[in-house]
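Q: give the three-dimensional model of this entry:
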Amino acid sequence: MPGEDTGGTRGAGVPAGPGPGHTGHTGHTEIPGAASIAGYRLTGRHRAGDAGVWFDAVAPDGVRSGALRLDPAGTALPGARERVVAAVGADRRLAQSGLGGLMPIDDLVAARDEIWLLTARPGTPSLEELMNGRRDAPGPDAGSAATVLVETAQTLIAVHAAGLSHGALRPGTVVIGEDGATLLAERGLAEALRGEQADPRRDVAAWSVLARTLAGSWAAGDAGAARLFERAAATASSHGLGGARDVLLEGRDLLPAGFTTRERLVRTIQQWSAGDVPTHDPSPARGFAADPGEVVTLLHPPSGSSGTYGTHGVRPAASTVPAGGEGQGLRFGPGVPVDTAAAQIWRSGRDQATVHSVDRKRRKKRRGGVLGSGLIFLLILAAAVYLWFQRGDPLAVTAVDVRAPKAKGCDVTVNVIGVITTNGSSGEVTYEWLPSGRKPVRHTDTVESGKTTHEVKLEWEIGGEGTKRLTARLRVLSPVSDQGPLEDKASFTYKC
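A: Model prediction:
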């Protein structure tokens, strides 16, 4: 465990992971065995995550990054490796589509019996570490908590719209960047290791717990903000994360002035880092030159892979295409995927002790046959992947929101607006309006692919004298989520 005795070595030589579902504090230790993975130099700073152990690392270009060593007990389970590759591939496609709230991924590599996730940002500090805080420094305020909650909800809404879930949302899997931005780490990894299906309901429940936790910590001295967070948590349980996010946005007047700049949160991170991150370069462990075994990239096998590998080099993955669907030469989303850092290292020959042991003449003879069969295989594979993506996910409704304007004057028509949020797939949505004191009004609309919101309207004619408190309820009948029919309501007062 991080912060405890790490005397033994395993595989690439780092402390064993705590297993899914556990988090721990940050420690600093000298790493036995190999001190780098695929060119990412590991520092002695590490913490326990939910799916393994996080290490601060330095990328080949000198930029601070992260390395998550997945729990070996979890990756040894049948099918776990393929499920992890699929989860990471889904994250990369979400990033290509423009979603920026997930931990950015550089590569996924295997070293002996270990699997490492290499990230473009450090895995520290986590929200859990900041919540534990330093006794000699002021902690974040209610505005910082609101920023974290809004950004977390926004990212989860996009993840759920893609038919995915996080699966292990808790303070230890929420990372705060140096600029104060909130990043969700380890998305889908716990589910992949355990073989569980995506379940957005777990994320919604976990977000509500997180909101109440922050209400009792960072907002403990601000009664108005604490009540706001409690109301948002309750709204998430009844109306989903979209409604909870709107509660926070509409209640911004209850939060400290200037909280949207993240200034207080950034200052807390700077104070935390200055007091906790080692300022010296960790000493290489004894036996650094020892061979940790070849490192295999599981995402983008480098082209032209016939050849040799360095002592710490990266070679093409043994499997032709990982379960995530990111094969060699394939394109996903709006652009061409960028080579992983590990693949670039292998190509550029940065690794030490490169061994040239393959006979060039024999390789040249075989090249024509290998390239021909490889090209046919890639064409078949590309067609299969194209057909798979053309299937699309079935239409799913993730949230319902209703707004009603104020009724002015006598004998008026009130336009009640409803917004139905979907996962962006095409299909039909059946819904009904239930105006108070009136018969239900049912409709079926066709939703186009690529649109995640569908607006519906109820034109409610109201007349007569007196004062009436009226409510319009919108209920989606089909498609139905696992939670049952989603609905929302809005009320207004008619005076004449």
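
Q: where does the prediction get shaky in the protein?
A: 1-34, 133-138, 275-293, 300-392, 482-483 (pLDDT under 70).

Q: what residues go with each domain of it?
A: According to automatic domain parsing, the chain comprises the domains 127-275, 359-391, 397-495.

Q: out of those domains, deepest packed?
A: domain 127-275 (a mean of 20; mean count of other CB atoms under 10 Å). Every residue, glycine included, has its C-beta placed from N, CA and C.

Q: quick one, helices of the protein?
A: Along the chain, counting by DSSP state H, helices occupy 72-75, 80-96, 127-132, 142-161, 189-194, 200-215, 223-250, 263-276, 341-348, 360-391.

Q: who are the packing partners of the first one?
A: For helix 72-75, the contact count by 3 or more CB pairs under 8 Å, 6 or more residues apart in numbering; DSSP states H and E identifies helix 80-96, strand 114-119, helix 189-194 as packing neighbours.

Q: distance to D71 added to the ones you listed, as TSV?
A: What follows is these, written out as TSV (distance: least, CB to CB, whole Å):
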stretch	distance to D71
helix 80-96	10
strand 114-119	9
helix 189-194	7
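
Q: and these: which comes nearest T430?
A: helix 80-96 (29.0 Å; CB to CB).

Q: and that closest one, what does it pack onto?
A: Partner elements for helix 80-96 (3+ CB pairs under 8 Å, 6+ apart): helix 72-75, strand 105-111, strand 114-119, helix 189-194.

Q: including distance to R121, could the domains of the chain go into CSV?
A: Formatted as CSV, those follow (distance: least, CB to CB, whole Å):
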stretch, distance to R121
domain 127-275, 6
domain 359-391, 28
domain 397-495, 27
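
Q: for the spatially closest residue to G437 that is not a sequence neighbour, give its distance to G224.
A: Excluding the flanking residues, the one nearest G437 by CB to CB, 6 or more residues apart in numbering is L470, at 7.6 Å. Note on L470: its distance to G224, by CB to CB, to the nearest Å, is 30 Å.

Q: returning to what we had before: JSON lines for the helices and strands packed on helix 80-96, including distance to A396?
A: Output for those, formatted as JSON lines (distance: least, CB to CB, whole Å):
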{"stretch": "helix 72-75", "distance to A396": "29"}
{"stretch": "strand 105-111", "distance to A396": "25"}
{"stretch": "strand 114-119", "distance to A396": "28"}
{"stretch": "helix 189-194", "distance to A396": "18"}
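
Q: out of the helices and strands packed on helix 72-75, which comes closest to V266?
A: strand 114-119 (20.2 Å).

Q: between the closest one and strand 105-111, how big is the angle?
A: With axes from the mean of the first three to the mean of the last three CA atoms, to 10 degrees defining the directions, strand 114-119 sits at 170 degrees from strand 105-111.

Q: list the neighbouring strands of strand 114-119 plus their orientation.
A: strand 64-70 (antiparallel), strand 105-111 (antiparallel) (DSSP bridges).

Q: tell me which of those lies nearest to T213.
A: Nearest to T213, of those and by CB to CB, is strand 64-70 at 23.4 Å.

Q: and that closest one with helix 80-96, angle?
A: 150 degrees.

Q: which residues sit against stretch 209-217?
A: 131, 139, 145, 148-149, 152, 169-171, 174, 225-226, 229-230, 232-233, 236, 244 (CB atoms under 8 Å, 6 or more residues apart in numbering).

Q: ok, 7 Å please
A: M131, A145, L149, L169, P171, A226, F229, E230, A232, A233 (CB atoms under 7 Å, 6 or more residues apart in numbering).

Q: name the nearest residue to the third one, ignoring sequence neighbours.
A: Sequence neighbours aside, A211 is the residue nearest to L149 in space, at 5.6 Å (criterion: CB to CB, 6+ apart).

Q: from I462, how far out is that neighbour?
A: 37 Å.

Q: same deal with L298?
A: 62 Å.

Q: ok, H46 next?
A: 64 Å.

Q: relative to D61, which of the helices and strands packed on helix 72-75 is closest?
A: strand 114-119 (12.7 Å).

Q: could you check how far L241 is from E178?
A: Counting by CB to CB - L241 and E178 are separated by 26 Å.
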